[in-house]
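> coords below, sequence missing:
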């Protein structure tokens, strides 16, 4: 298939995961997915333009595919079982330049639904931290560029675009806005006690 097509992304992701044997620990898995996204973004360009606007968007879409594997092929772990329409809708905002094409996220859903990506499932699956966060009201949320100090974000880049949710008691950073209900989604969390957050 041609460069940058939906098939090319999903087939490349499957090949990368099969070859890399994505580790069960989410922080280590993010490093593998970052390497894949960086390579795919480079080789998939057509006339100097890529299907996705950045490496951040590609790694977020790849991570969504791994999380979808856990959701569809592990008895719907985390939140409720994700439908195709919900997955496609949730993926649109992963690219800060323009919406992720529905054909691309739809092809990824179809591939994962048919055959699970060979990504190892963390054991035991933890949900306590996400459940505690969900019990708190969200004060503010949105994309934020975060500097990776001492490898705390588990990527190879000095800066990482994160979906940031500020709660009453802490701030939590994620690769995507999608909520799967697993603690492994949380890249980093910081206490907010004593700080006052206001809308801007």
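Cool, the structure landed. A quick note: this is a predicted structure, and the numbers were derived from the prediction, not measured. Numbering: from 1, shown residues only.

> what about this structure, any weak spots by pLDDT?
1-7, 21-27, 45-50, 75-79, 118-125, 148-157, 193-200 (pLDDT under 70).

> all strands of it, in order?
Taking DSSP state E as the criterion, the chain contains strands spanning 138-147, 159-167, 170-174, 186-191.

> can you add mean neighbour count and give those back as a markdown table?
Yep, even glycine has a C-beta here, placed from its N, CA and C like the rest. Formatted as a markdown table, the strands of the chain follow (neighbours: other CB atoms under 10 Å):
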| stretch | mean neighbour count |
| --- | --- |
| strand 138-147 | 13 |
| strand 159-167 | 20 |
| strand 170-174 | 20 |
| strand 186-191 | 16 |
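
> switch those over to TSV; also include distance to residue 86.
Below are the strands of the chain laid out as TSV (distance: least, CB to CB, whole Å):
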stretch	distance to residue 86
strand 138-147	18
strand 159-167	17
strand 170-174	17
strand 186-191	21
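
> out of those, the one nearest residue 16 is which?
strand 159-167 (19.4 Å; CB to CB).

> now the closest residue to residue 67 other than its chain neighbours: phi and psi?
Distance criterion CB to CB, 6 or more residues apart in numbering; nearest residue to residue 67, sequence neighbours excluded, is residue 180 at 4.8 Å. The phi/psi pair for residue 180 (degrees, to the nearest 10) reads phi -100, psi -10.

> which of the strands of the chain sits closest to residue 29?
Using CB to CB, the nearest of these to residue 29 is strand 186-191, at 11.5 Å.

> correct me, but residue 127 touches residue 180?
No. Applying CB atoms under 8 Å, one finds residue 127 not in contact with residue 180, separated by 9.7 Å.
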